[in-house]
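# give me the fold of what follows.
(chains A and B)
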Amino acid sequence: MRIYITEASRKILNLRIPLGLAINRMTAGFIARRCRKEGIHISKGQLRVLIKEVKKYKKHHKNWKLVEIDSADGAHVEIVL
Amino acid sequence: MEMTIGKRIATLRKEKGMTQEELSQKMEVSAQAVSKWENDQSCPDITSLPKLAKILGVTVDELLSGKEETAPVARVLAPEERKDIKEMMLRFNVDSCDGDHVRMNIPMALVLVALEMGMDLSQVSGNSALKNIDLEQIVNLVQYGVMGNLMEVESGEGDTVRIFVE
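Numbering: from 1, shown residues only, chains lettered A, B, ... in the order given. The predicted model follows:
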């Protein structure tokens, strides 16, 4: 998993994290709790199913760009799984 | 971020899961030449651009300008032309009136799972503009072979949301 952030042509962050470390059964619990605080109702079980599917998909589709954001002030964010 | 032609070649090559070596073999040039293109030390020869664009799965215009061609209008594919729904990608393009652009690429395989779990798009994205979009209807359309630009919504605030399937 790669998180790439630049701000007005200046590289800010290029973070590479193994996907298994970022999303797993343990982090599913943290994410579910955080989501509840944000008013998003996703259970730990639902997240686990999603995580399993994300990993399955990622296995066959390398460099899958999940999100790309270009802000009006020139910032650019990319999350590649 | 300024996207040079070299960066675009590198990005498209990686999206295709190719190494520089593989691209150089297909282009019948040296791996060093590909490396130089990607580092903006040189440019591919103009006569080789159509071939390069074809290998990278884009048009020459997209390769040079970096602007994605607008998604084709929705069309219905014949049963023999249809791909496995799990191999398709649901794309959301949100262009806000403030000038922010958000692109999300969600595999249909995940959409199907989310649907089975009864989740809605606003839960996943946190974007209220996607709140009333019926995932089930989108999946039904895709299963009937509808591809391309499925929906374009403009909110009262001036945000545009475009949903298409590839």
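# quick one: contacts for the residue of chain B found nearest chain A?
Closest residue of chain B to chain A, Cβ to the nearest Cβ: B:G99 (3.1 Å). The way it works is simple: take the backbone N, C-alpha and C, and place the C-beta from them, glycine included. Counting by Cβ atoms under 8 Å, 6 or more residues apart in numbering or on different chains, B:G99 touches A:71-72.
# sec struct for it, please.
coil (DSSP: H, G, I helix; E, B strand; the rest coil).
# ok, B:E21 - how many residues close by?
12 (other Cβ atoms under 10 Å in any protein chain shown).
# please apply the same query to B:W37.
Quick note: B:W37 (other Cβ under 10 Å) scores 25 neighbours.
# surely it is in a strand?
No: under three-state DSSP, B:W37 falls outside any strand and is assigned helix.
# show the contacting residues for it.
Counted by Cβ under 8 Å, 6+ apart, B:W37 has contacts B:5-6, B:9, B:43-44.
# closest to A:K55 among these?
B:I9 (29.0 Å; Cβ to Cβ).
# show the contacting residues for the closest one.
B:I9 neighbours (Cβ under 8 Å, 6+ apart): B:34, B:37-38, B:44, B:52, B:56, B:63.
# dump those residues to TSV, plus distance to A:E68.
Listed next are the contacts of B:I9 as TSV, based on distance: Cβ to Cβ, whole Å:
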residue	distance to A:E68
B:V34	24
B:W37	22
B:E38	19
B:P44	24
B:L52	23
B:L56	18
B:L63	18
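# whichever residue of chain A sits closest to chain B and B:M151, how far apart?
Minimum separation of chain A from chain B (Cβ to the nearest Cβ) falls at A:A72, amounting to 3.1 Å. Applying Cβ to Cβ, to the nearest Å, the value for A:A72 to B:M151 is 24 Å.
# any weak-confidence spans in the chain?
No chain in the question, so chain A it is. A:9 (pLDDT under 70).
# can you look at chain B instead?
B:1-2, B:67-73, B:119-132.
# helices along that one, start to end?
B:5-15, B:20-27, B:31-38, B:49-56, B:60-65, B:108-116, B:121-125, B:135-143 (DSSP state H).
# how distant is the first one from the center of its chain?
Relative to its chain's centre, helix B:5-15 lies at 14 Å (Cα atoms, centre = their mean, to the nearest Å).
# between helix B:49-56 and that helix, find me the angle.
30 degrees (axes from the mean of the first three to the mean of the last three Cα atoms, to 10 degrees).
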